[in-house]
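> attaching a predicted model along with its sequence, questions to come.
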Amino acid sequence: MTALNRAGWRPEMNVAGGADDSTTFTGNRALMLEEALIFEIGGSETTGVDFDEAAPATDLGALARTAPIGLPGLSESETVRHYTRLSRQNYAIDLGLFPLGSCTMKHNPRLNEKVARMPGFADVHPLQPQETVQGAYAVIHELAEWLITLTGMHSVAMSPKAGAHGELCGILCIKAALEARGEDRRVILVPESAHGTNPATAAFAGFTVEDIPATEAGRVNLEALKARLGPDVAGVMITNPNTCGLFERDMKAISDAVHAAGGYVYCDGANFNAIVGRVRPGDLGVDAMHINLHKTFSTPHGGGGPGSGPVVLSEALAPFAPLPFVTKQGDAFRLIEEESAGEDHPQTFGRMTAFHGQMGMFTRALTYILSHGADGLKQVAEDAVLNANYVLRSLEGVLDAPFGGPGPCMHEALFSDKGLAEGFSTLDIAKGLIDEGYHPMTVYFPLVVHGAMLVEPTETESKAALDQFIGALRSIALRAKNGDPALKTAPHFAPRARLDETLAARKPILAWEG
Amino acid sequence: MRYLPLTSDDRTEMLATIGAVSIDDLFADVPAEARLAGPIAGLPMHASELAVERHMGALARRSRAAGEGPFFLGAGAYRHHVPASVDHLIQRGEFLTAYTPYQPEIAQGTLQMLFEFQSQVARLLGTDVANASMYDGSTACWEAIVMARRITKRAKALLSTGLHPHYRSVARTMAKYTGDILVDGDPSLDAGTDWAALADSIDKETSCVVVQYPDILGRIDDMAKLAEACQAAGALLIAVVTEPVALGLIKSPGEMGADIVVGEGQSLGVGLQFGGPYVGLFACKTKYVRQMPGRLCGETVDANGKRGFVLTLSTREQHIRREKATSNICTNSGLCALAFSIHMTLLGEAGLRQLAAINHGRAKAAAAELAKVPGVSVLNTSFFNEFTLLLPTAARPVIHQLAEKDILGGVSLGRLYPDNAGLENGLVVAVTETVTEADIAAFAAALKEVLA
């Protein structure tokens, strides 16, 4: 490792477009600013932090780190500029409609950010004496009560760190419950349309995964499911509303059949936004369901996390919930950890994570929930579903809607690539949308629809915003149907043209090697 | 409702376009008995920003914030000063409200940041490559054990007794259901680690040895010999780092031969946040990268030959491989990784080394001062910014008595190992740059009083 020398910009780094007339000396194009890596602009001796004291001498002998580490430093002014420039190469919900199906990219209220930074939440240690963190426990408890009531379930495990971690929590509850019954059931049934996390989670926990057949209308085939149930089936994992944007009409019958056969029902709650405040999963026989706080309850997605995935549980699975959790006794809150679990929670399957879960997400989610209230949350579901149906009906004349039928969709509208010109694909439509100033919808998911395009506008879009998006998508769909060659090379106006993903995978460069 | 832009006229017009009479028509697929007519009973209605802030503010004031007085807690979560620009930058909407960078043409900001983060983490931990982050250190630790099983095709993991007990608990929970065999135990109150004994315990069934560095009692040790023993037996050495600032001062696990290095990155940029969200670090040798869990960002070029970044090697992941994926993990801890990366960029190598040295110096001063309290001794002969005190009595009640004097005086081993009475006199004390000399003096005086 050699010292970094703050080389900065060099002419050879500017490899912009060749003979293009608009090529500039810097590679920048007005507000579209290129930015080198911190390893190219930073130095080993540069720092943006001042200390009040010199580094004291140390006597660590052979353990002392003497070789250069190779970490670049920047002054504060350079740091702010570097990350501000990078940020401007991102699309974000703050910039415009972000219709990623199954991801619920809604507005992130800034009050939530302000509250999360209150010192009583942000600057407390998870292992402080319990009497000094009563306010933090109160947040966990209050949010837990809301989640239980909104879902009509018996209890909730708050510690899972994200949706897939929540799935793991639910699946481990099922494992523990079966163990307590002395049964060794090995199979989890998952529909083909499920998120990849569902089969991956079941496998991660040691189950065998089998497909549940779907009907032609995009829902679980109840009769086929019933035929598969038996003493080897531990449970099912069903997403409701499902990833085709449809409500599983037979959910209660599915639950009843699974229960009658001795299994449990896991519901993937990724799409809870469509029904929050209007339908309670507990009324449909669900045993466990994770809630993505970063979807339904608007904690920011942050460019890929952190998430948070509390799991609501039925009475049957509640005894197996993980540690730790918060209880209320009078006005005081108490954390149930390993030491008192023997008395208070003897059948727990154990701990899933260090500490108590995503506190920073709990404060944001609770703030969001209190802002909306029961009436506002009901309106959230209604407007989310209304917006999706408006998109579906406005575009079904130009894009194929495989499950559009006469019935409504829930919170997302699903289209296929049927009818596009020869050689044109869903990917071309997605990249065309980028030039129109939108983030594309979810593409090629769910797998059950060819060239799937899953559009979830969410409730925080105005009608005017939807109308403009619909106009843009219609225009691109027509270009794809008419075989406009310019669409094949879109995007033309983004910070980068299409990137070579094959090269990235064939010759992986995963760290700076200079 | 301030977050909902549709007007009632909009709603009427949109229903007409859809061809529905009322919003209820759009919920027609929900069985009638499960459709609620009005707002769920027993819950409050919507509230103003002022009212919500008032309510949450009252809850926040019911906790004693670390910054309000002397504070010495660590044990896997450390309080460091985070420069103001970190929080400013992570709140830029283009970072805060972006999604996973699945459309790289309009996500180069997040992708370049992740590439820089991966590069920083790999260098800090002394490995070839790092991923784009995990949920936290404890889950990263279990994923590393599973990864070692995949690579070695063996299922017995030896856990050092110095591994954080929560990390051990997570592994125990998972191993119960996956069939992995864990050999573990509680630490003993020795000045040295159990690593030599671990090296002797490796056999042909051993997939990996897991050590924490610095460990739960704050001890540091050279893992080179253990790495050799692992290599000789075809097992992998997994090192867990819960205090990455330490690596500005002491050798990295990678330099000493660790095959996989995982850690908790919370110390840099993230803050305490009552335990989460944090940021799991996950790094390894290049030859194992295709067995890694989690997202990876890689360099490539675009159609015009310009350098750019994409998520890559996705064939390991659940959205492609489903039940055959290396892990079920989907999300990473993107925003916390950003905070970590910005803080690390501000520090740079020089700043990190100085910060680490200041932490170590402050901790040594505190250990010397606290050891003067009658009946109190320091267990460690070597440590970074955290050490274990041995009190003449059980530490747990002492912690509560100190709290009454407004001193948050560390984490008792009684809290961490409630079933092990042999450890109850131990108190783990962390001392970072945020601790002042006055704090140390106040802690020593209060401890003396409580123990008197």
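Structure's in. What do you need?
> what strand or helix carries the closest residue to chain A within chain B?
Nearest to chain A in chain B, going by CB to the nearest CB, is B:G348, at a distance of 1.5 Å. In short, each C-beta sits where N, CA and C put it, glycine included. Using DSSP states H and E, B:G348 maps to helix B:334-370.
> also B:V261?
Element membership for B:V261, per DSSP H and E: strand B:260-264.
> packing partners for that strand?
Judged by 3 or more CB pairs under 8 Å, 6 or more residues apart in numbering or on different chains; DSSP states H and E, the packing partners of strand B:260-264 are helix B:137-152, strand B:236-241, strand B:280-284.
> need the winner for burial among these.
Comparing these by mean neighbour count (mean count of other CB atoms under 10 Å in any protein chain shown), strand B:280-284 ranks first with a mean of 31.
> helices or strands up against that one?
Counting by 3+ CB pairs under 8 Å, 6+ apart, strand B:280-284 packs on helix B:108-125, strand B:129-130, helix B:137-152, strand B:260-264.
> so in that sheet, which strands flank the strand holding B:V261, and in what orientation?
Within its sheet, strand B:260-264 is paired with strand B:236-241 (parallel), strand B:280-284 (antiparallel), according to DSSP bridges.
> got a list of contacts for the shortest one?
Outside of strand B:280-284, the residues within contact range by CB atoms under 8 Å, 6 or more residues apart in numbering or on different chains are B:121-122, B:125, B:127-131, B:133-140, B:143-144, B:147, B:241, B:244, B:254, B:259-265, B:292-294, B:333.
> count of neighbours near the residue nearest to A:F207 when sequence neighbours are not counted?
Nearest non-adjacent residue to A:F207, counting by CB to CB, 6 or more residues apart in numbering or on different chains: A:I188, 4.4 Å away. Using other CB atoms under 10 Å in any protein chain shown, the number of residues around A:I188 comes to 27.
> in terms of secondary structure, what does the helix-or-strand element of chain B with minimal mean pLDDT contact?
Ranked by mean pLDDT, DSSP states H and E, the helix or strand of chain B with the weakest confidence is helix B:318-321, at a mean of 81. On a contact count with 3+ CB pairs under 8 Å, 6+ apart, helix B:318-321 meets helix A:197-204.
> what's the helix it packs on packed up against?
Helices and strands touching helix A:197-204, by 3+ CB pairs under 8 Å, 6+ apart, are helix A:163-180, strand A:187-191, strand A:208-212, strand A:233-239, helix B:318-321.
> hmm, 6 Å instead?
helix A:163-180, strand A:187-191, strand A:208-212 (3 or more CB pairs under 6 Å, 6 or more residues apart in numbering or on different chains; DSSP states H and E).
> for chain B, what's the nearest residue on the stretch 351-500 of chain A?
Counting by CB to the nearest CB, the stretch 351-500 of chain A gets nearest to chain B through A:F355 (2.9 Å).
> state the pLDDT value of that residue.
A:F355 is assigned a pLDDT of 96 by the prediction.
> what sits closest to the closest residue to chain B within chain A if chain neighbours are left out?
When distances are taken as CB to the nearest CB, chain A reaches nearest to chain B at A:G73, 1.5 Å away. Nearest non-adjacent residue to A:G73, counting by CB to CB, 6+ apart: B:G348, 1.5 Å away.
> is A:F469 in a helix, a strand, or coil?
Secondary structure state of A:F469, per DSSP: H, G, I helix; E, B strand; the rest coil, is helix.
> roughly how far apart are it and B:P104?
Distance, A:F469 to B:P104, by CB to CB, to the nearest Å: 22 Å.
> do the same with A:N221
Distance from A:N221 to B:P104, by CB to CB: 37 Å.
> A:K328 too?
47 Å.
> out of these two, which sits in the busier spot?
Between A:K328 and B:P104, counting by other CB under 10 Å, B:P104 is the more crowded of the two (24 against 14).
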